[in-house]
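Q: Sequence and predicted model, in that order:
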Amino acid sequence: MRFANPPAIHTPTRRSCLFAAAVLMMALHANAADPAADGSPSVRVRDKVVFQVSDADPKKWTLALNNAKNIQAALGRDNVDIEIVAYGPGIGILKGDSEAKAKVEEAQSAGVKLVACENTMASQKLVKTEMLPGISYAPAGVVEIMRRQQEGYAYIKP
């Protein structure tokens with residue numbers, strides 16, 4: 001069957017291709033900026049990390065503390081939440097006579113949250129007066145880590 005007047009076939013012109021490319025670039029740029037629903041610029045999501053310290057090895061304590069310091073240096077101290085949770089044999093990092101006392105105090109002053117497991121403290125018959133000042137406590141260290149992971153914290157065990 002032949003058409004007396006075949007249907008018009010539209011081929012894109014250079015101008016329409018450039019227009020489509022410009023629209024696509026604007027859409028990609030808008031997504032990259034990730035604006036909030038109300039059109040205001042979004043705030044960068046804060047980085048969060050939780051460290052597990054459950055070994056009696058002071059070298060591993062130092063490694064965890066150095067990792068925390070390096071993360072702050074790389075991302076900026078005000079851009080990351082860091083928590084170090086000590087339990088089991090690792091509770092020694094937070095005791096008043098800890099070999100890592102100076103490094104723990106340095107981490108605290110830099111905003112690192114240090115958390116002692118109260119289950120471990122009870123099993124080792126430790127009381128809060130035997131621990132370093134300014135630390136936090138959690139009823140169960142493993143549950144503290146689990147909760148932080150549920151909140152989006154990255155998990156690291158040096």
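A: Yep, it's here. Residues are numbered from 1 along each chain as shown.

Q: tell me which residues of stretch 135-155 are tucked away?
A: Going by neighbour count (16 or more other C-beta atoms under 10 Å), the buried part of stretch 135-155 is 135, 138, 141, 142, 144, 145, 148, 153. No exception for glycine: its C-beta is placed from N, CA and C like everyone else's.

Q: Now do the same contact list for the last one.
A: When contacts are counted by C-beta atoms under 8 Å, 6 or more residues apart in numbering, residue 153 touches 48, 49, 50, 81, 83.

Q: I'd like to know how many residues surround the closest residue to the fourth one other than its chain neighbours.
A: The shortest distance from residue 81 to any residue other than its chain neighbours is 4.5 Å, reached at residue 48 (C-beta to C-beta, 6 or more residues apart in numbering). Burial of residue 48 is recorded as 15 neighbouring residues (other C-beta atoms under 10 Å).

Q: right, and residue 48 touches residue 149 too?
A: No: in this structure, residue 48 is not within contact of residue 149 by C-beta atoms under 8 Å, at 9.7 Å.

Q: residue nearest the centroid of this structure?
A: Central residue of the chain (C-alpha atoms, centre = their mean): residue 48, 2.0 Å from the mean position.

Q: Now it: which helix or strand?
A: For residue 48, the element it lies in under DSSP states H and E is strand 47-53.

Q: What about the nearest residue to residue 55 once chain neighbours are set aside, how many residues nearby?
A: Excluding the flanking residues, the one nearest residue 55 by C-beta to C-beta, 6+ apart is residue 90, at 5.4 Å. Neighbours of residue 90 under the rule other C-beta under 10 Å: 25.
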